[in-house]
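Participant: mind looking at a prediction? Sequence and model below.
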Amino acid sequence: MKRILEICIIIILMNLNLSAQTAEYPKGNVIFIHPDGTSLSVWNMTRILYAGPDNNLNWDLLPSIGLYRGHLSNTLTATSNAGGTIHAYGVKTSNTSYGFDNGDIPTARSGEKMSIFHEAIKAGIKTGLVNSGNIVEPGTGAFVAQVDSRSKSEEIAKQVILSGVDVIMSGGEEWLIPKGTKGIYCNDGKRTDGINLIEEAIKLGYHIVYSRDELFNLPNGTKKLLGVFAENHTFNDKSEEELIELGLKNYNEEAPTLAEMTDSALKILSHDNSQFILVVEEEGTDNFGNYNNANGMLEALKRADDAIGVARNFLSENPNTLIVTASDSEAGGPSLNGYTKERLPFDKTSPKTTQNGSPLDGVRGTESLPFISSPDKEGRRFPFLISWSSTADVYGSVIVR
């Protein structure tokens with residue numbers, strides 16, 4: 001991971017014009033898309049389900065590939081907060097780091113004690129953070145927040161809002177308003193310091209939106225945007241069985257998709273041919289994986305791939321743009337188990353576990369109908385199930401594209 005991140009950060013620095021300029025493109029943009037908790041295995045599953053074994057996702061069409069070494073400075077398995085910090089600074093950190101490591105701000109690849117976002121903001125380059133999860137999620141938060149514990153959600157949310165980032169979209173209204181204050185999504189905020197960060201954002205010039213419709217109808221010339229789309233996450237990270245019992249879908253329908261948020265962010269950040277860096281995280285891939293919800297995990301990664309499609313469309317019109325996508329670990333250690341139609345008919349309920357006792361998931365959780373692939377080049381469709389090795393993040397085959 002260190003080597004590929006060194007390469008990525010060097011390229012990012014060159015494209016951002018923080019340490020060098022290229023002759024062909026004096027200004028460059030960076031879009032980093034982080035489908036948290038995903039590995040090669042999950043990308044393969046998503047391709048098979050949504051595109052077919054012989055077809056391509058947007059992810060497949062990115063031209064370069066690298067293997068990600070996911071160990072940290074003090075453990076082999078990454079944490080989301082350490083992974084976010086590594087992506088933001090380009091150096092190894094310990095598993096407890098969140099923009100802060102071993103009592104200090106990390107020294108980044110540039111030699112500065114600043115994240116790449118802080119360097120960009122200092123250089124006058126536009127910045128954006130988009131997350132399908134809570135605003136305090138480290139996959140985006142660690143680019144601007146520096147705390148000694150991931151549990152300090154109040155402080156993380158405050159630092160994100162006051163960071164100077166131009167576009168912020170996520171869930172997490174609960175950490176933006178004080179206790180005793182009713183919000184759009186939550187009946188009572190969680191902040192104990194009395195600060196209403198929505199009001200602070202308005203003072204800083206942010207236009208506030210709370211829904212897909214409001215996002216699609218921004219005032220002309222919007223330059224700073226805060227989108228708040230859920231009390232916590234924009235998805236419901238529970239097992240399939242729990243969601244069925246509660247009558248909930250994987251994602252909240254009123255919230256924009258990751259692709260829609262990415263598209264809106266790009267329009268704002270690129271206005272007047274401005275230079276920018278945008279970090280986009282699909283958090284549902286990780287959370288659903290940790291709940292061993294195969295249905296939710298695959299939908300989440302399809303949403304991340306749709307966001308990559310938006311980025312690729314932008315790239316086609318703006319070739320001075322670098323797209324990087326990577327995770328930092330593998331949530332739940334999922335594996336695809338393929339079957340013939342004779343062995344597992346499309347209308348037959350799947351077994352509960354594999355022979356070694358690993359839980360098996362079909363489309364509605366354990367002991368449900370199997371997933372069915374999209375057609376291959378011969379028009380054939382195949383049943384498959386997903387087995388789980390863990391409910392934690394594990395050291396998986398993470399790929400950088």
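Facilitator: Looks like it arrived, so ask away.
Participant: which strands and helices sit next to the helix or strand where Asp286 lies?
Facilitator: Taking DSSP states H and E as the criterion, the element that holds Asp286 is helix 284-290. When contacts are defined as 3 or more CB pairs under 8 Å, 6 or more residues apart in numbering; DSSP states H and E, helix 284-290 sits against strand 126-134, helix 294-317, strand 330-331. C-beta here means a position set from N, CA and C on the backbone, and glycine is covered the same way.
Participant: excluding chain neighbours, what is closest to Ile372?
Facilitator: The shortest distance from Ile372 to any non-neighbouring residue, by CB to CB, 6 or more residues apart in numbering, is to Arg381 (5.4 Å).
Participant: dump the residue contacts of the one you found.
Facilitator: 372-375 (CB atoms under 8 Å, 6 or more residues apart in numbering).
Participant: try Ile244
Facilitator: 364-365.
Participant: after the host helix or strand of it, which helix or strand is next?
Facilitator: Assigned by DSSP H and E, Ile244 falls within helix 240-246. Stepping forward along the backbone from helix 240-246, the first helix or strand reached (DSSP H and E) is helix 258-269.
Participant: summarise which helices and strands that next one is packed against.
Facilitator: strand 29-35, strand 126-134, strand 167-171, helix 212-216, strand 225-228, strand 276-282, helix 294-317.
Participant: count of neighbours near Glu253?
Facilitator: 7 (other CB atoms under 10 Å).
Participant: my bad, Thr366
Facilitator: 20.
Participant: quick one, what contacts it?
Facilitator: So Thr366 contacts 241, 350, 352-353, 359-360 (CB under 8 Å, 6+ apart).
Participant: at 6 Å instead, please
Facilitator: 352, 359 (CB atoms under 6 Å, 6 or more residues apart in numbering).
Participant: how close does it sit to Leu360?
Facilitator: In this view, Thr366 and Leu360 are 6 Å apart by CB to CB, to the nearest Å.
Participant: for Lys377, same thing?
Facilitator: 28 Å.
Participant: what does Ile168 give?
Facilitator: For Ile168, the distance to Leu360 - CB to CB - is 39 Å.
Participant: neighbour-wise, which of the two wins?
Facilitator: Neighbours per residue (other CB under 10 Å) separate Ile168 from Leu360, with Ile168 holding more: 24 against 21.
Participant: so that one touches Leu226, yeah?
Facilitator: Yes: taking contacts as CB atoms under 6 Å, Ile168 lies within contact range of Leu226: 5.1 Å.
Participant: per-residue pLDDT, the residue positioned nearest the centre of the chain?
Facilitator: By CA atoms, centre = their mean, the chain has its centre lying nearest to Glu281, at 1.9 Å. pLDDT for Glu281: 98.
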